[in-house]
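> Sequence below, structure please.
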Amino acid sequence: MSSKHRAAGQAGAGPKDEGGSIAVTVHERDSGRMVVNAAISLYRNGDASCQQFDPAAWVTDPAMLVGVRWTDGGGGTVFSHLPSGSYVGMYGNFPATAPQCVQVQAGCSAMLCFQPQINPQVELVFETGDCQPSDCNFGRVGDRAVATVSFDGDQSADGRALVQVLAASPWMPLRGKLHAFFTRVRRAGMHRFAAQMMLSQRPEVYNLLPTPEGLSPNAMLAVDAEYDTEERQPTPISGNVGVSLSRTETEPTEDLPLWTLIRNSTEAMSFTNYLHFMDSLFCSDVAGVRGFEQERFVKKAEVFQQLKQRRALPFSDADSYRVLKVATEAFVMVNCGVLNQPLAFNPAEDNAYLDRRDIPLGRDLETVLRSDYLENVDGFQTLPYLAVIRRKLPDIPVSIPRGQEGEVDLCFGIIQEKLANPCLLELIWSYWHEEGMLVQTMNAITQRFQNLRAPGRHLDPLSNTEIDMLRPLNNLLWGYTQDEQHRLTVMRRNYEYDHHYGVRLDGKAVQHFRPADSRSKFLEAFHHLLRLLTSFYKQDDDTTVKADAFPVLNALKEIHLILSQGAHNQFGDLPSTARIEMLMQQWMLARPEFREFLPTRVMVAYPEPWMDRVDAMKKLQGWTDTSVMHFRNLAIFGEQLLLSVRYGNWSDIYEPTQAFNWARFWRPQVQGYIHGYRAATGVDLSVDTSDPAVEATMPSILLRQRLSQQLRSVQG
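Reported below is the predicted structural model:
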């Protein structure tokens, strides 16, 4: 949840005030289990004592509200820095529980203990293979175990509406029966049924509590039961018997939600979604906005209106370009945050993706993310990797925004928004698009727009590219050309490519390159990982072998370390700025005018409309004949892979299960990157024999060698 909302729930007294505190615990009355994420609201009581208090008088009065807390994993929370007086605490989730009054004195701590009566029960029965009830109280291998969760009030309207039960894998919901789950008994021994009861906030208090945006209103109560199974007596069979093998089983890990968010968020940042957003914003075409992007569209439109009031250009007749620039910034700002609300989960597609990767789905991904994966730091949740960084700097305060956006940047401390909701972008996306000649294509067009002939040519290939004044593109190019002084230079980007990944561009524009810090080992380490993954996939596809994920884990740890060393200086701002500028370049190249001015090939099925313009420009200028489609795939797949490595907590992982799941989860991206790299550079990272010298060679050098070979073959 947003930390600025959490800050709104803090007590009124400042950190230097002498006051008391109230420690609150919530546990179920009969089982004694702690209730996690329960909403506890605290109100001032007008009566100085706790002899009398009227809930109706203070629940509906926002002025009486002191704050709202949510219980942690231990079922507790604390209200601190409270002035002396009488307070009333209220438990806001199912079931209805009487409020409690407590007196607080300065320097003392009072206790509140809520004991909602839920009385969860688990009934276990067993069925034979033909769905007939078993005559035993224990299961046998091959039986179907059915677990039914019941609780006090489960047949009431409130119980059905306010309680949801989620069972852990391998238990599946049983159709037609409420809160019932089943699984197949596959081995003898002791087994455990585990589930979470999701307790919603009660309707009478839901609208009264200031629930922050994005916080789940559900409290969680764990329920479980153990049961014993034994081997089934073998039955003699005769005749032909078929035997089949299946892939090695794995188990879900806590970082699956992060990978899913990265995959969905990067797809939300795709040019196709960007084009839909621009059409919806300026052309009132909302049909292209689907899924969680429908909810995000409103947020992006609000950010667009806010930025439009603050962004200005120091030259005339450029409003259309200014609006384009502001809209692109709003699109990137809203979509790049991995923890932006609504979270980028799509349960149906996410579960299908995991199933195709042969990764079992445990609990709901959003529940795992909030309750198991994210860590609490300074009152808000963040990624475990960033929590480690925060713990290294305990003496530095976290600056929370107040007033106008950006004022926090003037304070000493860690910017809270970048810690709680990091913007997940990788500069490798910009690098591969620049190697694919996206920026060079736009530069050639703007030179022709200014009536500048290409250097070293007697006849400009773009001499017939005339953009008349009646078309909107004419004014957009005017604003884009005028704004050149405010855009990143190729040298700035080149230095940052080297700082992040140890790669650089090659050409006259980037001569006299003198970096201060380079990730010289990244390229070799990354290509070593890709080669290890190729061997891993061959083992994993062999149903008689269990693939060894330890080498993959060690390679991930090495790359994570290298990437974290480059997350400094311009890391926080340059990738997003480069992304905004290149998205605008793609959008302008996708304009219908360029279909007329450039000799594009209409019958080629490019996935994005700007791509045929770049390939047409490369043909005209005599640049590389490798299609920009391969560079675009390298950009997309490379960004997803590196984000999952950079922001995963790999330095603290020693078991191979997470690396095993990572390799399976990102298999399409890994193999897509390997193919794109071979198509672009000619180096095949999937062959068994490795050449460290070739693997460590920068792509720009390989591309120059291929271009020289291409020119020799044409001249010959």
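> got the residue ranges for the strands in the stretch 351-500 of the chain?
375-377, 380-382, 398-399, 414-415 (DSSP state E, counting those that start in this stretch).
> Would you mind finding the most buried of those?
Highest mean neighbour count of the strands of the stretch 351-500 of the chain: strand 380-382, a mean of 22 (counted as mean count of other CB atoms under 10 Å). All C-beta atoms are positioned from the backbone trio N, CA, C, and that covers glycine.
> ok so, going back, ok, of the strands of the stretch 351-500 of the chain, where does mean pLDDT dip lowest?
Sorting the strands of the stretch 351-500 of the chain by mean pLDDT places strand 414-415 lowest, at a mean of 62.
> Centre-most residue in this protein?
residue 261 (3.0 Å; CA atoms, centre = their mean).
> And what about that one, helix, strand or coil?
helix (DSSP: H, G, I helix; E, B strand; the rest coil).
> what separates it from residue 647, distance-wise?
10 Å (CB to CB, to the nearest Å).
> Name the residues contacting each of the two.
Taking CB atoms under 8 Å, 6 or more residues apart in numbering as the contact rule, residue 261 and residue 647 both touch residue 338.
> looking at it, residue 198 is touching residue 161, isn't it?
No. Applying CB atoms under 8 Å, one finds residue 198 not in contact with residue 161, separated by 11.8 Å.
> more neighbours, those two?
A direct count of neighbours by other CB atoms under 10 Å for residue 198 and residue 161 places residue 198 higher, at 21 against 11.
> So that one: helix, strand or coil?
The local conformation at residue 198, judged by three-state DSSP, is strand.
> pLDDT score for it?
89.
> what residues are up against it?
163, 164, 165, 166, 218, 219, 220, 367.
> Am I right that the fourth one falls within a strand?
This points to residue 166. Yes. Applying three-state DSSP, one finds residue 166 inside a strand.
> From residue 217, how far off is it?
Relative to residue 217, residue 166 is positioned 15 Å away (CB to CB).
> Can you say which helix or strand has the spatially closest residue to residue 201 that is not a sequence neighbour in it?
With sequence-adjacent residues excluded and distances taken as CB to CB, 6 or more residues apart in numbering, residue 201 is closest to residue 217, at 4.5 Å. Remark: residue 217 resides in no helix or strand, with elements defined by DSSP states H and E.
> For residue 217, grab the count of nearby residues.
When neighbours are defined as other CB under 10 Å, residue 217 has 18 of them.
> I figured it was touching residue 70, is that so?
No. When contacts are counted by CB under 8 Å, residue 217 is not listed as touching residue 70 (9.8 Å).
> between the two, what contacts are shared?
Shared contacts of residue 217 and residue 70 (CB under 8 Å, 6+ apart): residue 39.
> Can you tell me the element residue 90 falls in?
Element membership of residue 90, judged by DSSP H and E, is strand 85-91.
> following that strand, which helix or strand comes up?
strand 100-104.
> Just the C-alphas of whichever helix or strand comes after that next one, formatted as PDB.
Per DSSP H and E, the first helix or strand lying C-terminal to strand 100-104 is strand 109-114. Written as PDB, here are the backbone C-alpha positions of strand 109-114 (Å, rounded to 0.1, in the frame of the first residue of the first chain):
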ATOM      1  CA  SER A 109       1.900   0.800  27.200                       C
ATOM      2  CA  ALA A 110      -1.700  -0.500  27.300                       C
ATOM      3  CA  MET A 111      -2.900  -3.800  25.800                       C
ATOM      4  CA  LEU A 112      -5.900  -4.600  23.600                       C
ATOM      5  CA  CYS A 113      -6.600  -8.200  22.700                       C
ATOM      6  CA  PHE A 114      -9.400  -9.000  20.200                       C
END
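> angle of strand 109-114 against strand 100-104?
Per axes from the mean of the first three to the mean of the last three CA atoms, to 10 degrees, the angle that strand 109-114 makes with strand 100-104 is 170 degrees.
> Parallel or antiparallel, which strands does strand 109-114 pair with?
Take DSSP bridges as the rule and strand 109-114 pairs in its sheet with strand 20-26 (parallel).
> Name the residues that touch the strand it pairs with?
Applying CB under 8 Å, 6+ apart, the contact partners of strand 20-26 are 34-35, 38, 40, 42, 69, 71, 75-84, 87, 89, 91, 102, 104-116, 219.
> same thing but at 6 Å, please
Contacts of strand 20-26 from elsewhere in the structure, counted by CB atoms under 6 Å, 6 or more residues apart in numbering, are 35, 38, 40, 71, 75-80, 82, 104-106, 108-114.
> Repeat that for stretch 421-437.
For stretch 421-437, using CB under 6 Å, 6+ apart, the contacting residues are 336-339, 497, 500, 575-576, 578-579, 582, 614, 618, 623, 628, 631, 634-635, 638-639, 642-643.
> Just the residues you listed: which are in helices?
336, 497, 500, 575-576, 578-579, 582, 614, 618, 628, 631, 634-635, 638-639, 642-643 (DSSP state H).
> Need the mean per-residue confidence for stretch 31-50.
On average, stretch 31-50 scores 82.
> Show me how far that stretch is from its chain's centre.
Stretch 31-50 has its C-alpha centroid displaced from the chain centroid by 34 Å (CA atoms, centre = their mean, to the nearest Å).
> Only the buried residues of it, if you could.
By 16 or more other CB atoms under 10 Å, the buried positions in stretch 31-50 come out as 33-45.
> State the pair within those that is farthest apart.
The distance between the two most remote of the buried residues of stretch 31-50 (CB to CB) is 31.0 Å, for 33 and 44.
> about what we covered before: put the buried members of the contacts of residue 198 into a ChimeraX selection.
Filtering the contacts of residue 198 down to the buried ones (16+ other CB under 10 Å) takes a single ChimeraX command:
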select :163,165,166,218,219,220,367
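> Among the contacts of residue 198, which has the minimum pLDDT value?
In terms of pLDDT, the lowest of these is residue 218, showing 85.
> list the contacts for that one?
Going by CB under 6 Å, 6+ apart, residue 218 touches 198, 200.
> same thing but 8 Å
Contact analysis of residue 218 by CB under 8 Å, 6+ apart lists 37, 93, 164, 198, 199, 200, 201.
> possible to save the residues you listed as a markdown table with distance to residue 555?
Output for those, formatted as a markdown table (distance: CB to CB, whole Å):
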| residue | distance to residue 555 |
| --- | --- |
| 37 | 37 |
| 93 | 45 |
| 164 | 40 |
| 198 | 38 |
| 199 | 43 |
| 200 | 44 |
| 201 | 45 |
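> What segments of the stretch 151-300 of the chain are strands?
All strands of the stretch 151-300 of the chain, identified by DSSP E, counting those that start in this stretch, fall at 163-167, 172-173, 180-184, 189-199, 219-230.
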